[in-house]
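Colleague: Structure for this input, please:
(chains A and B)
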Amino acid sequence: MIRLSDIRDSFEGVIPSVIATTDADGIPNISYLSHVHYIDERHVALSNQFFSKTAANVRHRGVATVMVVDGRTGQQHILDLRFVRSVGDGELFERVASHLAVMSVSQGMGDVMKLRSLDMYEVEDCRPIIPVESLAEPEETERPRDRLYAAGQLCAAIAQQSDAEAMFDCALEGLQARFGFANAVVLVPDEEGRKLSTIASRGYPAFGFGSEATVGEGTIGTAAAMRRPLRISDMRRGQRYASAVRAEVMRSGPDHIPLPSLAQPRSQMAVPMLSRGRLLGVLFVESEKSYAFSHRDEEALSLVASQLATSLLLAERDRSEGWAVPASHQPLPALAARCIRVRYFPLDGSIFVDGEYVIRGLPGRLLHHFLSAFFQTGRTDFFNREIRRDGSLQLPDFKDNLETRLILLRRRLEERGGPIRLSRPERGQIRLECDGFPEIEIATG
Amino acid sequence: MIGADVAAFIESPVMILVSTRNHAHRAFIARGSGARFDRRRGHIDVLMCRGQWSDVAGNAARGAPIAVTVVRPSDYRAFQVKGVIEEIASASEEEQQRASAYVARMLEILAELGVTKVQLSHTLTDKDLVRISFLPTDLFVQTPGPDAGQRLEQASQR
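Modeller: From the prediction side, this is the model:
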């Protein structure tokens, strides 16, 4: 019997599997099924969505025969199955249901593939179908790297960083150097948990800091909503889905920053960064190659994402929040200095500088806070500690997010290239640098 | 039993699955290499590779039950036809040519849908062909969705 772990790529659901059963009268029944889920070396689960004849036959005979196809090589394997039990809830059911929901969207099947129950089977035999002639041979692929070793090394490197910003850069650098993942993005959730903002990226023409993904949509948003890793091995078959994703990426508007994205991704993987049950972000990688990410990569990236989440949480709670030194001031610019037109929408915290959207939410409110203080008093230095205590910023539930919000804001301003920048002279300290004098308009729309 | 539209569907570029079973009622799986409806005799002829699908071929005997599912790759529209095997024979020259044309056409159609030749490398073949002729007795809708598995037609005698 072939080891199921040796054919894990056949359980991706890229090429539909086939199931055959026999009814009470001895008549065979054969149909496609979307997924055969690997559970362990001796067990698989079948998602029982709509095949009533198959379900009835399995109940009667207790056996089924399944064929799975490796989407990368085209190899086919037959599995002789014996029914064990049906499950309609629980961790495994939820995991499969969420995966199926995404795959059905990615294959343009809408909610047709909604999971009803999950049937668990023991695998009695697994054997290859030997082709009389193979029509084509797969390309030679690079020998898989030792993912566990790479993940361990990268986690250790992230754990060495004391500063959240350095953690992001270390993670993305490590993903490229140790895993060969050249296109990667880290996104962090907003205060309402509706959007995720790009806080770090690598491998794209623009960083896209501050660009947003909607929770519950696309690969990134779905991984965030379901708090589970999501891996799509071959996006060619999901052109409609890819088009929908592109539409989101290309969406234009006054407050839109394009998400860093490959023009034609073939593989994508998004892994939630969870610590103490809280979503601190999403780690996203993509590639122009099909099957760029394996289930082992998914496991390795989950370790890295967990380390990143935990390190971020600890960094946020670090008590070194800046010395209570007297705030420094910048002499107010002469009246002839350049005027920076700032438009601020208190409703959602969005802020525009010289007519261009900068950022929204808490980072927007923070920028407005800094600019207002500068406008009123010429003050340029601020401290995390005082920001946390400032009720006007509506921080209460999100104090732990301050550091990532400040990084997001600083990076967004940096990428814009002026006229407003933030620098970090000391830990816990923020310095506002303005090439002019802000004229702030509060918009009510 | 098989109307003109279903007959045309069976003969159009569809993926074909074939199943027979052994005495212990274990069902087996094969992929077809082309099918046609013999309008004169009311049979369905399905072609498949004998060597590659030896379990199905080995259990295909005159009088044995068979199930064939045909699926259009572009929209997953599908039917399942069940019946009783009437004849098993090596493919004729004409059937061989039909299978070769079928494989070539399926490769084209699936390529347009983003399925590569490598992914189909073990799926489609026109080698070592056997023809299984069977008399249809049941017809089911198999398109994924709430109607999947619904019976459309049943022969009056089984």
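Colleague: Low-confidence regions, the chain specifically.
Modeller: Here I'm looking at chain A. A:13, A:48-51, A:101-114, A:140-145, A:236-255, A:318-337, A:391, A:393-400, A:445 (pLDDT under 70).
Colleague: That was the other one, I meant chain B.
Modeller: B:145-146, B:155-158.
Colleague: residue ranges of the strands in chain B, please?
Modeller: For chain B, strands defined by DSSP state E occupy the ranges B:15-19, B:30-38, B:43-49, B:65-71, B:78-90, B:129-141, B:151-154.
Colleague: What count of nearby residues applies to residue B:8?
Modeller: Residue B:8 has 10 neighbouring residues, counting by other CB atoms under 10 Å in any protein chain shown. C-beta: built from backbone N, CA, C; applies to glycine.
Colleague: close enough to count as contact, residue A:176 and residue A:201?
Modeller: No - with contact defined as CB atoms under 8 Å, residue A:176 and residue A:201 do not form a contacting pair (11.6 Å).
Colleague: quick one: which of these two has more around it?
Modeller: Taking neighbours as other CB under 10 Å, residue A:176 and residue A:201 compare with residue A:201 leading, 23 against 15.
Colleague: hang on, the earlier thing: shared neighbours, residue A:176 and residue A:201?
Modeller: Counting by CB atoms under 8 Å, 6 or more residues apart in numbering or on different chains, the common neighbours of residue A:176 and residue A:201 are residue A:184.
Colleague: give me the number of residues near residue 87?
Modeller: I went with chain A, as the question did not name one. 15.
Colleague: hmm, I had chain B in mind actually
Modeller: Neighbours of residue B:87 (other CB under 10 Å): 14.
Colleague: And residue A:303, by the same measure?
Modeller: Around residue A:303 there are 17 residues (other CB under 10 Å).
Colleague: And it, which helix or strand is it part of?
Modeller: Following DSSP states H and E, one finds residue A:303 within helix A:295-317.
Colleague: buried set for that helix?
Modeller: A:295, A:297-298, A:300-313, A:315-316 (16 or more other CB atoms under 10 Å in any protein chain shown).
Colleague: next SSE after that helix?
Modeller: Next along from helix A:295-317, by DSSP H and E: strand A:339-345.
Colleague: Quickly run through the sheet partners of that next one, with directions.
Modeller: Looking at strand A:339-345 with DSSP bridges, its partner strands are strand A:350-353 (antiparallel), strand A:437-442 (parallel).
Colleague: possible to save those as JSON lines with mean neighbour count?
Modeller: Below are those laid out as JSON lines (neighbours: other CB atoms under 10 Å in any protein chain shown):
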{"stretch": "strand A:350-353", "mean neighbour count": "22"}
{"stretch": "strand A:437-442", "mean neighbour count": "15"}
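Colleague: how about these in CSV, adding distance to residue B:5?
Modeller: Shown next, in CSV, are those (distance: least, CB to CB, whole Å):
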stretch, distance to residue B:5
strand A:350-353, 56
strand A:437-442, 67
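Colleague: So which of those strands is nearest residue B:8?
Modeller: strand A:350-353 (57.7 Å; CB to CB).
Colleague: May I have the secondary structure class of residue A:77?
Modeller: The assignment at residue A:77 comes out as strand when based on DSSP: H, G, I helix; E, B strand; the rest coil.
Colleague: How many residues are close by it?
Modeller: Neighbours of residue A:77 (other CB under 10 Å): 21.
Colleague: which residues does it contact?
Modeller: When contacts are counted by CB under 8 Å, 6+ apart, residue A:77 touches A:2, A:7, A:10, A:67-68, A:70, A:126-129.
Colleague: what packs against the longest helix seen in chain B?
Modeller: The residue-count maximum for a helix in chain B (DSSP state H) belongs to helix B:93-112. Helix B:93-112 sits against strand B:30-38, strand B:43-49, strand B:129-141, with contacts defined as 3 or more CB pairs under 8 Å, 6 or more residues apart in numbering or on different chains; DSSP states H and E.
Colleague: can you do 6 Å?
Modeller: Judged by 3 or more CB pairs under 6 Å, 6 or more residues apart in numbering or on different chains; DSSP states H and E, helix B:93-112 is in contact with strand B:30-38.
Colleague: Residues in contact with the strand it packs on: which ones?
Modeller: B:2, B:7, B:10-11, B:16, B:18, B:44-48, B:53, B:56, B:98-99, B:102, B:123, B:126 (CB atoms under 6 Å, 6 or more residues apart in numbering or on different chains).
Colleague: Just say helix, strand or coil for residue A:115.
Modeller: Residue A:115 - assigned by three-state DSSP - is coil.
Colleague: Excluding chain neighbours, give the residue nearest to it in space.
Modeller: residue A:97 (4.3 Å; CB to CB, 6 or more residues apart in numbering or on different chains).
Colleague: hang on, residue A:118 packs against residue A:87?
Modeller: Yes - if you go by CB atoms under 6 Å, residue A:118 and residue A:87 touch, sitting 5.0 Å apart.
Colleague: shared neighbours, these two?
Modeller: By CB under 6 Å, 6+ apart, the residues touching both residue A:118 and residue A:87 are residue A:93.
Colleague: Confirm residue A:93 sits in a helix?
Modeller: Yes - counting by three-state DSSP, residue A:93 is located in a helix.
Colleague: I figured it hits residue A:99, correct?
Modeller: No - in this structure, residue A:93 is not within contact of residue A:99 by CB under 6 Å, at 10.9 Å.
Colleague: Of the two, which one has the most company?
Modeller: A side-by-side neighbour count of residue A:93 and residue A:99, using other CB under 10 Å, places residue A:99 first with 21 against 17.
Colleague: Assumed that one was part of a strand.
Modeller: No - counting by three-state DSSP, residue A:99 is located in no strand; its state is helix.
Colleague: Please report how far it lies from residue A:202.
Modeller: 27 Å (CB to CB, to the nearest Å).
Colleague: ok, now residue A:311?
Modeller: Taking CB to CB, one finds residue A:311 at 18 Å from residue A:202.
Colleague: Residue A:218 too?
Modeller: 19 Å.
Colleague: So which bits of chain B are right by chain A?
Modeller: Residues of chain B lying near chain A by CB under 6 Å from any CB of the partner chain: B:17, B:19, B:21, B:25, B:27, B:29, B:49, B:51-52, B:65, B:67, B:69, B:82, B:114, B:117-119, B:121-122, B:125, B:127-128, B:142, B:144-145, B:148-149.
Colleague: Just the buried subset of those, written out for PyMOL, thanks.
Modeller: The following PyMOL line selects those of the residues of chain B next to chain A that are buried, judged by 16+ other CB under 10 Å:
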select buried, chain B and resi 17+19+21+25+27+29+49+52+65+67+69+82+114+118+119+121+122+125+127+128+142+144+145+148+149
